[in-house]
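Predicted model and sequence follow; I will ask about them next.
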Amino acid sequence: MSDGEEIIAVREAHQFNEGALFDYLTENVDGFSGPLTIQQFQGGQSNPTFLLKTPERDYVMRKKPPGVLLPSAHAVDREYKVISALQKTDVPVPKTYCLCEDEDIIGTAFYIMEKVEGRVIRVPSAPDMEKEERAAVYDAMNDAMAKMHSVDVDAVGLADFGKKGSYFERQISRWTKQYRAAQTDDLETMENLINWLPQNLPASDETSIVHGDYRLENMILHPTKPEVLAILDWELSTLGHPLADLAYNCMPYHFVHPKSGGLINVDYAATGIPTEQEYIDAYCKRTGRDGIDNWEFYIAFSFFRLVGIVQGVYKRGLDGNSSSKVGQEYAVFANMLATLGWQEVEKGQK
């Protein structure tokens, strides 16, 4: 998908009938012609992603992973629907070509989109950038999120993309069930969050498109400009409360990821990265908000949901179905996230 992302041979667990895929694309994608070379992107914990190279152009394929899956997980059809709908807007997304829900073709549902050339920044501190570019990139990410949350869902055909209203109530129920389905250990702090969150729902009840995994790593930047060319990985998207996206996007201000780091103790003035409050204020200005109450709820919810996601990755790793080899490292990660989430609640109560 991007400069610097490792491309590997298709993993044995994810191999499929390449001839059947070639025949399907020849029939269903305008202008497609071979020969076709297929490789796999190294990254990704959820839906395996593949590079399809042809002499004319390159494509990207996202498919469901093999094996028994959790209910409603790995919804590539939903990814395809929202990306296709947003092509009519100013939200930056890749061009989509086709969705195949016939599992007889390659064994799982999949969709095809364009390969967007550009940069992916995997470390929130963006150490290889100059101060001015860092500031501009964070502003561009903020702007793209505000545009996404401002889309008229009815006008673009996404009125049925999710239920309107009661987003947090429904999400807490959903991720509690997902967590229970993948649970391997007893985490006291996760149990605390499961009990506390439903009793402290925010008063405001809004509806917009929410991405569900909105972060710097899930977008492709222009090769040389601080401009977002494409927002990727829409698997968790739905209709919901926009502040869930904002809080999740601000998670690097609240914890240090074991691989990508974070923004805690960063010298914001020297690096050009906005403080969390500056970032929130920029979003509020773009979306016409007069500040945000009960910020600790949104952050605690983000930690809670992350635990549910990470626990699912860990369980798939145990079952041998993870699309990456690092799945089993996530047990400790889930425990850390639950603890940090409950600490946010405790800080807010002081």
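Now that the structure is in, tell me what you want to look at. Residues are numbered from 1 along each chain as shown.

Could you point out the longest helix of this protein?
Secondary structure assigned by DSSP state H gives helix 295-319 as the longest helix of the chain.

could you check the angle helix 295-319 makes with the helix or strand following that one?
Counting by DSSP states H and E, the next helix or strand C-terminal to helix 295-319 is helix 330-349. Calculated by axes from the mean of the first three to the mean of the last three Cα atoms, to 10 degrees, helix 330-349 forms an angle of 170 degrees with helix 295-319.

pull the CA atoms of helix 330-349 into PDB?
Extracted C-alpha coordinates of helix 330-349, given in PDB (Å, rounded to 0.1, in the frame of the first residue of the first chain):
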ATOM      1  CA  TYR A 330      -0.900  -9.500  22.600                       C
ATOM      2  CA  ALA A 331      -1.900 -11.100  25.900                       C
ATOM      3  CA  VAL A 332       0.300  -8.800  28.000                       C
ATOM      4  CA  PHE A 333      -0.800  -5.800  25.700                       C
ATOM      5  CA  ALA A 334      -4.500  -6.500  26.500                       C
ATOM      6  CA  ASN A 335      -3.800  -6.400  30.200                       C
ATOM      7  CA  MET A 336      -1.800  -3.200  30.000                       C
ATOM      8  CA  LEU A 337      -4.600  -1.500  28.000                       C
ATOM      9  CA  ALA A 338      -7.300  -2.500  30.500                       C
ATOM     10  CA  THR A 339      -5.200  -1.200  33.400                       C
ATOM     11  CA  LEU A 340      -4.600   2.100  31.600                       C
ATOM     12  CA  GLY A 341      -8.200   2.500  30.800                       C
ATOM     13  CA  TRP A 342      -9.300   2.000  34.400                       C
ATOM     14  CA  GLN A 343      -6.600   4.500  35.500                       C
ATOM     15  CA  GLU A 344      -8.200   7.100  33.200                       C
ATOM     16  CA  VAL A 345     -11.500   6.600  35.000                       C
ATOM     17  CA  GLU A 346      -9.800   6.900  38.400                       C
ATOM     18  CA  LYS A 347      -8.100  10.100  37.400                       C
ATOM     19  CA  GLY A 348     -11.400  11.600  36.200                       C
ATOM     20  CA  GLN A 349     -13.000  10.800  39.600                       C
END
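
what's that helix in contact with?
Helix 330-349 is contacted from outside by 184-185, 187, 189-190, 192-193, 196, 254-255, 258, 294, 296-297, 299-300, 302-304, 306-307, 310-311, 313-314, 317, using Cβ atoms under 8 Å, 6 or more residues apart in numbering. For glycine as for every other residue, the C-beta is placed from the backbone atoms N, C-alpha and C.

Is there a quick ChimeraX command that grabs whichever of these are buried?
Filtering the contacts of helix 330-349 down to the buried ones (16 or more other Cβ atoms under 10 Å) takes a single ChimeraX command:
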select :187,189,190,192,193,196,254,255,296,297,299,300,302,303,304,306,307,310,311,313,314,317
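
quick one: contacts for the closest residue to residue 52 other than its chain neighbours?
Spatial nearest neighbour of residue 52, chain neighbours left out: residue 59 (4.1 Å); criterion: Cβ to Cβ, 6 or more residues apart in numbering. By Cβ under 8 Å, 6+ apart, the residues touching residue 59 are 25, 29, 32, 51-52, 97, 112-115.

Closest one to residue 40 out of the residues you listed, please.
Closest approach to residue 40 among the contacts of residue 59 (Cβ to Cβ): residue 51, at 7.4 Å.

Is that closest one part of a helix or strand, or is it coil?
strand (DSSP: H, G, I helix; E, B strand; the rest coil).

Switch the contacts of residue 59 over to JSON lines; also include pLDDT.
Compiled in JSON lines, these are given as follows (pLDDT from 0 to 100):
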{"residue": "25", "pLDDT": "97"}
{"residue": "29", "pLDDT": "96"}
{"residue": "32", "pLDDT": "96"}
{"residue": "51", "pLDDT": "96"}
{"residue": "52", "pLDDT": "97"}
{"residue": "97", "pLDDT": "97"}
{"residue": "112", "pLDDT": "97"}
{"residue": "113", "pLDDT": "97"}
{"residue": "114", "pLDDT": "96"}
{"residue": "115", "pLDDT": "96"}
